[in-house]
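Visitor: just coords:
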């Protein structure tokens, strides 16, 4: 499942990764993990019951397998044990909660939690061929980053590898961040930051769709803010690229759909890095929604084979 701030997308797949059925429900992630996951568990139960009864969602399946594992994708940092969210910026009530144990209780199967940008990185690698030296950045209400080294997800010592959202941007307005500092990339260049800046200037924008529409309509302030965000994110990523020297920089999320943003980011990266560093670099945009769920399915399948009754059967 992919938990957003206002919606949860759920996919049920078999152990080979083939999708059986999908669903989406409205949620408020501010209600906390128990309320959100209880609502999602109810939908999962309905999907399982529909499959067992030969419902319309799975009419082509002879048999609907039992649930083996669950992967919960979240828009926040995740600890190395993949069991809890660590100091998220916009997930009140989730910090340090043992989401894996809660999922085990609600779903009755082994459960893991993973950052959504990491899921995009895994899913994109599964869906597209590449060298595996990749930096994946999501620009939505927040900013996330996942890193692949030779096709393997790199999480770092404490699970925080790739977390560029709290990089301080030199010369940026000193906007307070949830981490206690000011001018972090997330509060300067994320979708939420752009909406806040538009609102402060009297702009009528409250959602990401509003922001996208305003830029497409040629709204001067919205367009300027998006271009500036591209430059600032590109500046931070230039350091990452110079250090890691990936073959691909992959962008996802609604803000990345805007040509103004992508042009500003590209020009900043190529202007800031040495030509030798960017000689083999490609900058690509993908549909992060599909990749997120593909990554979640893969990690859930891995979890099923590592722990639980299924693991015992294949040993």
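Guide: Nice, I can see it. Note that this is a predicted model, so its numbers are computed, not measured.

Visitor: and the nearest residue to residue 221 once chain neighbours are set aside, how far from residue 222?
Guide: Nearest residue to residue 221 in three dimensions, chain neighbours excluded: residue 201, at 5.7 Å (C-beta to C-beta, 6 or more residues apart in numbering). Any C-beta I mention is one placed from the backbone N, CA and C, and that applies to glycine too. Using C-beta to C-beta, to the nearest Å, residue 201 is found at 9 Å from residue 222.

Visitor: please enumerate the strands of the chain.
Guide: Using DSSP state E, the strands found in the chain span residues 2-3, 7-13, 19-26, 70-74, 111-115, 134-139, 143-149, 152-153, 248-252, 282-285.

Visitor: now distance to residue 193 and mean neighbour count too, for these, in TSV please.
Guide: Listed next are the strands of the chain as TSV, based on distance: least, C-beta to C-beta, whole Å; neighbours: other C-beta atoms under 10 Å:
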stretch	distance to residue 193	mean neighbour count
strand 2-3	21	24
strand 7-13	21	19
strand 19-26	24	14
strand 70-74	20	26
strand 111-115	19	25
strand 134-139	10	27
strand 143-149	9	25
strand 152-153	27	16
strand 248-252	17	25
strand 282-285	20	16
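
Visitor: and residue 300, which of these is closest to it?
Guide: Among those, strand 70-74 comes nearest to residue 300, with 3.9 Å by C-beta to C-beta.

Visitor: what about residue 193, distance to residue 143?
Guide: Relative to residue 143, and taking C-beta to C-beta, residue 193 is found at 9 Å.

Visitor: what's the burial count for the residue lying closest to residue 233 once chain neighbours are set aside?
Guide: Among residues not flanking residue 233 along the chain, residue 189 sits closest, at 5.2 Å (C-beta to C-beta, 6+ apart). Residues contacting residue 189 under the criterion other C-beta atoms under 10 Å number 28.

Visitor: is it true that residue 70 touches residue 110?
Guide: Yes: assessed by C-beta atoms under 8 Å, residue 70 is found in contact with residue 110 at 7.5 Å.

Visitor: give me the common contacts of these two.
Guide: Here residue 70 and residue 110 have residue 303 as joint contacts, going by C-beta atoms under 8 Å, 6 or more residues apart in numbering.

Visitor: which residue is nearest the centroid of the protein?
Guide: Nearest to the mean C-alpha position of the chain, by C-alpha atoms, centre = their mean, lies residue 116 at 2.5 Å.
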